[in-house]
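J.: okay, here's the prediction I keep looking at, along with the sequence it came from:
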Amino acid sequence: MSSRHYAADILKELERTLSQINDSEMQAMAEHILDAEQIFVAGAGRSGLMGKAFAMRLMQMGLRVYVVGETVTPGISPRDFLLLCSGSGETGSLAAMAQKASKAGAPVGLITIKPESTIGQLASTVVRLPASAKEDTATSGAAVTIQPMGSLFEQGLLLAMDALVLTLMEKKEMTGADMFGRHANLE
Ligand SMILES: O=P(O)(O)OC[C@H]1O[C@](O)(CO)[C@@H](O)[C@@H]1O
C-alpha cells in the first residue's frame, strides 16, 4: 500500500479517536491548568515528547510551566498541577511521580487510554482517549489500529492537547499573535 493510503488510514483512526473525546473532561482539565500557580508536565518516550510540545504552548500563553526532569524544574506544591501523559496509565516512573505529587498535596491530571489504571486512580482529573495502548492487540472496536505500539494514542494526544490550547486561548481571550510574542528568539 502507498504511504499516501497509510496516511489516509491514520487520519481515519484519529478522526474516530478524537470524535469520542468527552468535552466535560477537557473543560475540567482546562480549569485545573488555569487554576494552577505552576504546571508540571511529564510523560515517557513519545508520550513525553507530545507533553513537551504542549508545555511549549502553555509557556507561549504566559503560564508558568515546567517539564519534569529538566534542570530548571523546581519542586511541586499544593497550588500547582501535575499533568501526566500516559496511554497505559501504568508507566512506573510516572506512577511514582503521581504518588509524590499527591503526597505533596498537588492535584494530578492524566490524559490516557485507561482511566481505571494506577495513575488514573491517583488523578483528580482524567481525559480519556479511546486509542490502542502499546501492549494491546485489539482487532475490533475503538482501539483498532494499523499502527505500531502507542502511535495512535501519541498522535491523538498531540491533537487533543492542541484542542486544549484553543480552549485555553478562548478562556484567556488570547490570540496566536499574543503568543508569538513569547516565541523563543535564540533559535
Ligand atoms: O504512554 P505510556 O503508556 O506511558 O508509554 C510510554 C512508552 O510508550 C512509547 O511512547 C512507545 O509507543 C515509548 O516511547 C514510551 O516508553
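T.: Yep, it's here. Bear in mind that the values here come from a model prediction, so they are computed numbers and not experimental data. Numbers count the residues shown, from 1 in each chain.
J.: roughly how far apart are Glu116 and Leu122?
T.: 12 Å (C-beta to C-beta, to the nearest Å). To be clear about C-beta, it is placed using only N, CA and C from the backbone, and glycine gets the same treatment.
J.: for my notes, confirm Gly87 occurs in a strand.
T.: No. Gly87 sits outside any strand when classified using DSSP: H, G, I helix; E, B strand; the rest coil, being coil.
J.: any idea how many residues pack against it?
T.: Gly87: 31 surrounding residues under other C-beta atoms under 10 Å.
J.: any idea how many residues pack against the closest residue to it other than its chain neighbours?
T.: Leaving aside its chain neighbours, Gly87 sits nearest to Phe153 (3.8 Å; criterion: C-beta to C-beta, 6 or more residues apart in numbering). By the criterion of other C-beta under 10 Å, Phe153 has 31 neighbours.
J.: element containing Phe153?
T.: helix 151-171 (DSSP states H and E).
J.: for this structure, which segments count as strands?
T.: For the chain, the strands defined by DSSP state E cover 39-43, 65-67, 81-85, 108-112, 125-128.
J.: okay, now the sheet partners of the second one, with direction.
T.: Sheet partners assigned to strand 65-67 using DSSP bridges are listed as strand 39-43 (parallel).
J.: what residues sit buried inside the strand it pairs with?
T.: Residues of strand 39-43 classed as buried by neighbour count (16 or more other C-beta atoms under 10 Å): Ile39, Phe40, Val41, Ala42, Gly43.
J.: stretch 164-179 now?
T.: Buried residues in stretch 164-179 (16+ other C-beta under 10 Å): Leu164, Val165, Thr167, Leu168, Met169, Met179.
J.: what lies in contact with that stretch?
T.: Met26, Gln27, Met29, Ala30, Ile33, Leu34, Phe54, Arg57, Leu58, Gln60, Met61, Gly62 (C-beta atoms under 8 Å, 6 or more residues apart in numbering).
J.: pull that stretch out as PDB, backbone CA atoms only.
T.: Output in PDB follows, covering the C-alpha atoms of stretch 164-179 (Å, rounded to 0.1, in the frame of the first residue of the first chain):
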ATOM      1  CA  LEU A 164      -7.000  22.100  24.800                       C
ATOM      2  CA  VAL A 165      -4.700  25.000  23.800                       C
ATOM      3  CA  LEU A 166      -7.500  26.500  21.700                       C
ATOM      4  CA  THR A 167      -9.900  26.100  24.700                       C
ATOM      5  CA  LEU A 168      -7.400  27.800  27.000                       C
ATOM      6  CA  MET A 169      -6.800  30.600  24.500                       C
ATOM      7  CA  GLU A 170     -10.600  31.200  24.300                       C
ATOM      8  CA  LYS A 171     -10.900  31.300  28.100                       C
ATOM      9  CA  LYS A 172      -7.900  33.700  28.300                       C
ATOM     10  CA  GLU A 173      -9.200  35.800  25.300                       C
ATOM     11  CA  MET A 174      -5.800  35.300  23.700                       C
ATOM     12  CA  THR A 175      -4.700  35.300  20.100                       C
ATOM     13  CA  GLY A 176      -1.900  33.500  18.300                       C
ATOM     14  CA  ALA A 177      -0.200  36.900  17.800                       C
ATOM     15  CA  ASP A 178      -0.200  37.400  21.600                       C
ATOM     16  CA  MET A 179       1.500  34.100  22.000                       C
END
